[in-house]
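Trainee: mind folding the following:
(4 chains, ligands or ions: 2)
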Amino acid sequence: MASAIKRGVSLYSYQNETFQGKMTLEDCIRTSAELGAKGIEIIGEQTFWGWPEYGAADADVANWHSLIGKYDCTPVSHDFMLDYKRYKGREMAFEEQVASVKNDIDFGARLGMKFIRALVSISPDVLVAAAPYAEEKGIKILIEVHAPLHFDHPWIVRHAEAYEKSGSDALGFLPDMGMFLHAYPPVWKERFLRQGAQPEIADYIEKAYQDRVLSEYVILGAMQMGANKAAISMAEALRHNSAFEPKRMLEFMPRIHNIHGKFYQMTEDCVEPSIPYDKIVEVLQKGGYQGYICSEYEGNRWIEDVEEPDSVEQVRRQQVMLAKLLGEETVPALKTPVAA
Amino acid sequence: MASAIKRGVSLYSYQNETFQGKMTLEDCIRTSAELGAKGIEIIGEQTFWGWPEYGAADADVANWHSLIGKYDCTPVSHDFMLDYKRYKGREMAFEEQVASVKNDIDFGARLGMKFIRALVSISPDVLVAAAPYAEEKGIKILIEVHAPLHFDHPWIVRHAEAYEKSGSDALGFLPDMGMFLHAYPPVWKERFLRQGAQPEIADYIEKAYQDRVLSEYVILGAMQMGANKAAISMAEALRHNSAFEPKRMLEFMPRIHNIHGKFYQMTEDCVEPSIPYDKIVEVLQKGGYQGYICSEYEGNRWIEDVEEPDSVEQVRRQQVMLAKLLGEETVPALKTPVAA
Amino acid sequence: MMDNKMIVEGSLRNVEGGFAFLGRLPYYRGLGLSMIEDIQITVDGETIAREDVRFTVRGKTYTLDEMETVYDNRWNFGEKALISALKPGGLGAGGHEVTFAVRYRVSYLPFVPTTKDTKELALAA
Amino acid sequence: MMDNKMIVEGSLRNVEGGFAFLGRLPYYRGLGLSMIEDIQITVDGETIAREDVRFTVRGKTYTLDEMETVYDNRWNFGEKALISALKPGGLGAGGHEVTFAVRYRVSYLPFVPTTKDTKELALAA
Ligand SMILES: [Mn+2]
Ligand SMILES: [Mn+2]
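Mentor: Residues are numbered from 1 along each chain as shown, chains lettered A, B, ... in the order given. Ligands and ions are numbered 1, 2, ... in the order given. The predicted model follows:
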């Protein structure tokens, strides 16, 4: 039986190609659609030149709608970046921040999105103040719960409390699956090895992470083994990453409306070695989740020193995995190769 | 109605007096008993000279039992310290560690304790290996869940999984209430002010903690305000402390058998300004907890630079607070002053 | 990310009063110009003074000091900006080692990153 | 904790071949002697060489090197150890500034702390 959970892609995944002009917006949308990932998420200012400082051109927005229609896709989320450090030496005042969020609500609505994604650096008060406007525009503002934070972090708890108190259903969460990092990603280890990390120390760190040893102990252990700079960096990466529990999403499910399907590497047999998608999908189904899981490929930055990332192939593999976990009968496949 | 929750004291609370020989073991036990805190917890090697390197004298152990009997108290926990770095340059091997834990199980049993407290630095495998011996001796080994860790930290989750897998009920948790640090402790702030922290920056840090701002942002904010060394230390203290949620104990209640009633300061009207004991007691009652809450005074180190800590008065105030929260009708009071 | 794609290959050339190349921001998004704190160009070991650096996008040219208060223009994602150095006579023919470093203020980071790219570039005609 | 109680007031005196005072470990528990990594005594700005420091508890005296492999004795909680410095002639009459620093290995800490106490002490008769 097919699941109520839907598949999507954040175009962030194709950043290596779009940065270099190797894929157009149409390539991105068509590729996702062919894989059956019909939900499209974007970082507004990555996809639309000009946003927000000099605005997105009407022609570009018209093109967006035309492509979404052409490939039978659904706009999911505009991920916005509130640049509250825009002015050197002072942070934006509260009202300026609220106005900036409203501007992104407008842009999200203009693109036909249901959600706009807020970063965790934004104060809950700003979002609460913008919530009535979001309701008017039919938009929900979702804060991205991202490692090293997690659903039991006091800052996220404070957001949750503020949302409840606001009484608005225009405020919610967008969990990034990277917070469930259950194994040290092989592509990370390999990069640190290329940078010269001693293999036996890299093995030790990988094993210690598997054993859930506290990051400060692992860093000390590596230092005592004589770790060089690359090996210490490999250990220090643990400070910002952790293996939290997917089941902790359950308590927050009524406010979870979109999911970042973060991944660092999909192997040839379509497995993410570091993030337990089987457990994740199980939890989401148990929680009655009916939104999208949007692929978010972030392995590019870990391999670009040695090979040109193939983002499309990586996304394809993750979509194959997701379709299988969701009980779909058809294996996602690409029809149109992207000219690279 | 009186609660099933019982009151106790960890003699750690009187460390400033016992270190200086101002209070004897009898003073400690009598004082606690007079306050109605009949459960006595100790750090074995603090109370018994010689433990573990040259052992505790039989006469000292006999004295312990005689005092426990004289004041109608109950031995609760021997907090042990597994010194796995005893040998310079190498950590104890697995079997040595297990043997060391067994030694402390024996000592706990000799003292009539129900529990021995393990530090979080110990591997779950070591505790699992020692569990059958603990069962034989009628002892439970409890790992102390202490800030910056918490019940959703992967290392604690790993312990919980290992305990479940072991099938042994001799393994459990001892939560330290310091992980529910809901406000910046006034005694910490005052100490940093004495060390020269700028008052406006200290106020900013206190407020930012109240707002649950991420520690790294608070540290940067303080630096940008021109924080001096003391003010930066005040901000950095946030890295190791956090406002987790008492309700997260509920899931683990079947394995929670003792509680550290950590406190930094009890005001004259018997309030702990930084730890929400009202919420904590509510959660413990909801969870059907029937063990002890043992006072653990740790304000001493924050004020000793400027005044001689009065640990007995601090413990008295916390016991008054606890008795009230637990619905007891009698207000705990001291009968015998301790000659200081 | 994209660190090694900051300098656009084959783009080094002499211009009126100096030399220039095309540069990209090493980031998964763009940034308003007020958040570009510094751009440092080093050629064959010699660092160009801050006041001798110019930044050009879509026909508009700025000094680094000017950029700090530009709130209505951006360095877009993947956009090739013209990075110029005032250097009378420009560069000599042949190969040059160019380092291009950008310091940018990112609102959500508790520090201000600098990213750089070094490439051996041949002077285009 | 207890940093300011490490040196026992009024305990400084000259002994055969040097001087000594009573010292306590600044910790809420004791430690096996193998975990005491170093003890440093500074008097009036002069630091005593490691090999000239002696540690005595309950009648047993050790050099610092010896202590590193002592597994059957402890510096107990609050216990006053005799800390001696070999210094021919000892100290002159009157007041002296003494700093007493201890570096100790704590299994659960990911670093090795050093704690010290400085006091103005008058030489007892
Ligand atoms: Mn994400
Ligand atoms: Mn404790």
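Trainee: and C:Tyr27, what is it in contact with?
Mentor: C:Met1, C:Met2, C:Phe77, C:Tyr104 (Cβ atoms under 8 Å, 6 or more residues apart in numbering or on different chains). Using the backbone N, CA and C atoms, a C-beta is placed for each residue, glycine as well.
Trainee: need those in JSON lines with neighbour count, secondary structure and distance to B:Met113, can you?
Mentor: Below are the contacts of C:Tyr27 laid out as JSON lines (neighbours: other Cβ atoms under 10 Å in any protein chain shown; DSSP: H, G, I helix; E, B strand; the rest coil; distance: Cβ to Cβ, whole Å):
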{"residue": "C:Met1", "neighbour count": "17", "secondary structure": "coil", "distance to B:Met113": "55"}
{"residue": "C:Met2", "neighbour count": "21", "secondary structure": "coil", "distance to B:Met113": "60"}
{"residue": "C:Phe77", "neighbour count": "23", "secondary structure": "coil", "distance to B:Met113": "63"}
{"residue": "C:Tyr104", "neighbour count": "19", "secondary structure": "strand", "distance to B:Met113": "59"}
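Trainee: show me which of those is closest to D:Ile36.
Mentor: C:Met1 (48.6 Å; Cβ to Cβ).
Trainee: so how far is C:Met35 from the closest one?
Mentor: Remark: distance between C:Met1 and C:Met35 (Cβ to Cβ, to the nearest Å) = 17 Å.
Trainee: just give the number of residues close to the residue of chain C found nearest ligand 1.
Mentor: Going by Cβ to the ion, ligand 1 is nearest to C:Tyr28 of chain C, at 10.7 Å. As a burial measure, C:Tyr28 scores 20 neighbours (other Cβ atoms under 10 Å in any protein chain shown).
Trainee: for it, which residues are in contact?
Mentor: A:Tyr12, A:Gln15, A:Phe19, A:Ile43, A:Gln46, C:Met1, C:Met2, C:Phe77.
Trainee: strands along chain C, start to end?
Mentor: Ranges of strands in chain C, per DSSP state E, are C:13-15, C:18-23, C:31-32, C:36-43, C:46-47, C:53-57, C:60-63, C:74-75, C:81-86, C:95-104, C:114-122.
Trainee: in the last one, what counts as buried?
Mentor: This means strand C:114-122. Applying a neighbour-count criterion of 16 or more other Cβ atoms under 10 Å in any protein chain shown, the buried positions in strand C:114-122 are C:Thr115, C:Asp117, C:Lys119, C:Leu121.
Trainee: closest to chain B among these?
Mentor: Nearest to chain B out of those is C:Thr115 (Cβ to the nearest Cβ; 19.2 Å).
Trainee: contacts only, for the closest residue to A:Ala231 other than its chain neighbours.
Mentor: Nearest residue to A:Ala231 in three dimensions, chain neighbours excluded: A:Ala197, at 3.9 Å (Cβ to Cβ, 6 or more residues apart in numbering or on different chains). When contacts are counted by Cβ under 8 Å, 6+ apart, A:Ala197 touches A:Ala227, A:Asn228, A:Ala230, A:Ala231, A:Ser233, A:Met234.
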